[in-house]
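A.B. asks: Give me a model of this one.
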Amino acid sequence: MICGLLFFATTVNYVDRQVLSILKPTLQTEFGWNEKEYGLIVFGFQLAYALVMPIAGRIIDRIGTRLGYTIAVAVWSLASVSHALASGFWSFSLARFGLGAGEAANFPTAIRTVADWFPQKERSFATGIFNSGSNVGVIVAAITVPLLTLHYGWRAAFIVTGGLGFLWVIPWLLWFRKPAEHPWISKSELALIQSGGPTEAVTKIPTKQILRFGAARAFIVGKFLTDPVWWFYLTWIPGFFNTVYHVNLTNIGLPLIVIYLMADVGSVGGGWLFAGMVSRGWTPNRSRKMAMLICAVMAVPVMYVYYVKTIWPAVILIGLAAAAHQGWSANLFTMASDAFPRRAVGSVVGIGGLAGAIGGMILQPAVGAWLDFSGKSYGPIFVIAGIMYLIALLLIQWLVPKLELLNLGENE
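C.D. replies: Coordinates of the predicted model:
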């Protein structure tokens, strides 16, 4: 039930952030944006995401996931609906800023919830399941946004999708509690949940102390280098299909559905890889690194997507890369709960999310400027996307050769 709530929250999160990229050709035609201006609008989202992410992690660690998630979803849903009131570059940028501020709390809260509710051996699988909501969100957006836009206009697309978050808050407040306080939990289930590590003192861990550890720096590096690749897929692929293969609002849905169905398989499969290796007696360190290596290798073929002549080979290559990213992401996220005690997980994920958002901030205007300069040549961007995971994994291995739970004692 808890994993299902996280899954649906992440689904709504990605529905809301995906609406703009699907409507990119429509809005560019109506408002006359070039690629650089579109990149700067998306930059507003990334800026807020970067500013709020580390704060969100700290707030979640302080006030708890129940209240924190409620506030976050309410903020991003209101911001999503506000896009319907936008009338130009600056108003869209402001709406994206508000959306990024609210959505920044999703993953720190979800990862902290997984750390609270699942033993270590199940966390990457649970993370893969809720993280697959990101792909389902894109699929839902790909189906609903064109239909709403074609029948009721693009403003209706923002209003309807933005309202979904308010509906999610109701079951979250009704059903969610901490494991030890939940009336439906059995003693045996509580014992299983708490089997991942010792009972922890509730003491604040300063950011400076967290950053001393190689595991934290490895997580930060991994997010900084690979999150921008995912942001590129989310915000630029509909425009790429429109530019190269002349796909428009009436037929964009199916290619996006195929890509993110493949990504869904990768998300759950990445967590399953780790769990399967551990069940065969591999150490968590070896299992985590091997699962990430498999995902990194799967991302490489996307380098050749710009050189295929028809859309469906491109869809398959991008879908494989999206699946690789989601499998990678499920394992990268769970590195935080592998290495840090539960009370620090939200903060670690928040700091890593800041790094990923900064990478995205650099990417978005850079991609827009490059496309305007090069005459919309996507080839070099796909090359970078293909090799970035292998580079990140090499740096992670260098920073944390042995991944294990750190004992952050009161006097340490």
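A.B. asks: could you measure residue 166 against residue 13, distance?
C.D. replies: 13 Å (C-beta to C-beta, to the nearest Å). In this view, the C-beta of every residue, glycine as well, is placed from N, C-alpha and C.
A.B. asks: okay, the two: which has more neighbours?
C.D. replies: residue 13 (28 against 14; other C-beta atoms under 10 Å).
A.B. asks: Look up which helix or strand that one falls in, please.
C.D. replies: Using DSSP states H and E, residue 13 falls within helix 2-22.
A.B. asks: buried stuff in that helix?
C.D. replies: By neighbour count on 16 or more other C-beta atoms under 10 Å, the buried set for helix 2-22 is 2-3, 5-22.
A.B. asks: now swap in stretch 375-392 and tell me
C.D. replies: Across stretch 375-392, burial judged by 16+ other C-beta under 10 Å covers 378, 381, 382, 383, 385, 386, 388, 389, 392.
A.B. asks: Which secondary structure element is home to the third one?
C.D. replies: Spelled out, that is residue 382. helix 379-399.
A.B. asks: what about this protein, any weak spots by pLDDT?
C.D. replies: 196-205, 342-343, 346, 405-412 (pLDDT under 70).
A.B. asks: sorry, back to before: which among the buried residues of stretch 375-392 gets closest to residue 229?
C.D. replies: Closest approach between these and residue 229, by C-beta to C-beta: residue 385, at 4.6 Å.
A.B. asks: Is that closest one in contact with residue 301, as I believe?
C.D. replies: No - the pair residue 385 / residue 301 is not scored as a contact, 10.7 Å apart, by C-beta atoms under 8 Å.
A.B. asks: Need the residues touching each of these two.
C.D. replies: Contact criterion C-beta atoms under 8 Å, 6 or more residues apart in numbering; residues shared by residue 385 and residue 301: residue 321.
A.B. asks: all helices of the stretch 251-400 of the chain, in order?
C.D. replies: 253-279, 284-298, 311-339, 342-374, 379-399 (DSSP state H, counting those that start in this stretch).
A.B. asks: should've said the stretch 1-150 of the chain
C.D. replies: 2-22, 24-31, 35-63, 65-82, 89-103, 106-117, 120-131, 133-152.
A.B. asks: could the ones you listed go into CSV alongside distance to residue 239?
C.D. replies: As requested, the helices of the stretch 1-150 of the chain are exported to CSV (distance: least, C-beta to C-beta, whole Å):
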stretch, distance to residue 239
helix 2-22, 7
helix 24-31, 5
helix 35-63, 8
helix 65-82, 20
helix 89-103, 15
helix 106-117, 24
helix 120-131, 25
helix 133-152, 14
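A.B. asks: So which of these is nearest residue 159?
C.D. replies: That would be helix 65-82 among the helices of the stretch 1-150 of the chain, by C-beta to C-beta, at 5.5 Å.
A.B. asks: Just want the angle from the closest one to helix 89-103.
C.D. replies: 160 degrees (axes from the mean of the first three to the mean of the last three C-alpha atoms, to 10 degrees).
A.B. asks: buried ones in helix 65-82?
C.D. replies: Neighbour-count burial for helix 65-82 [16+ other C-beta under 10 Å]: 65-66, 68-73, 75-82.
A.B. asks: Same question for stretch 82-92.
C.D. replies: Of the residues in stretch 82-92, 82, 83, 84, 86, 89, 92 count as buried by neighbour count, 16+ other C-beta under 10 Å.
A.B. asks: Please list all residues in contact with the fourth one.
C.D. replies: Okay, so that is residue 86. 92, 94, 95.
A.B. asks: And the last one, how far from residue 86?
C.D. replies: It stands for residue 95. 5 Å.
A.B. asks: Residue 263 reaches residue 323, doesn't it?
C.D. replies: Yes - Residue 263 lies in contact with residue 323 (C-beta under 8 Å); the separation is 5.1 Å.
A.B. asks: more neighbours, the two?
C.D. replies: residue 263 (29 against 26).
A.B. asks: Next, the contact list for that one, please.
C.D. replies: Here residue 263 is in contact with 132, 134, 135, 138, 319, 322, 323, 325, 326 (C-beta under 8 Å, 6+ apart).
A.B. asks: out of everything not next to it in sequence, what's closest to the second one?
C.D. replies: Among residues not flanking residue 134 along the chain, residue 14 sits closest, at 4.5 Å (C-beta to C-beta, 6 or more residues apart in numbering).
A.B. asks: same deal with the fourth one?
C.D. replies: Distance criterion C-beta to C-beta, 6+ apart; nearest residue to residue 138, sequence neighbours excluded, is residue 260 at 4.3 Å.
A.B. asks: Tell me how many other residues crowd that neighbour.
C.D. replies: Counted with other C-beta under 10 Å, residues neighbouring residue 260 total 31.
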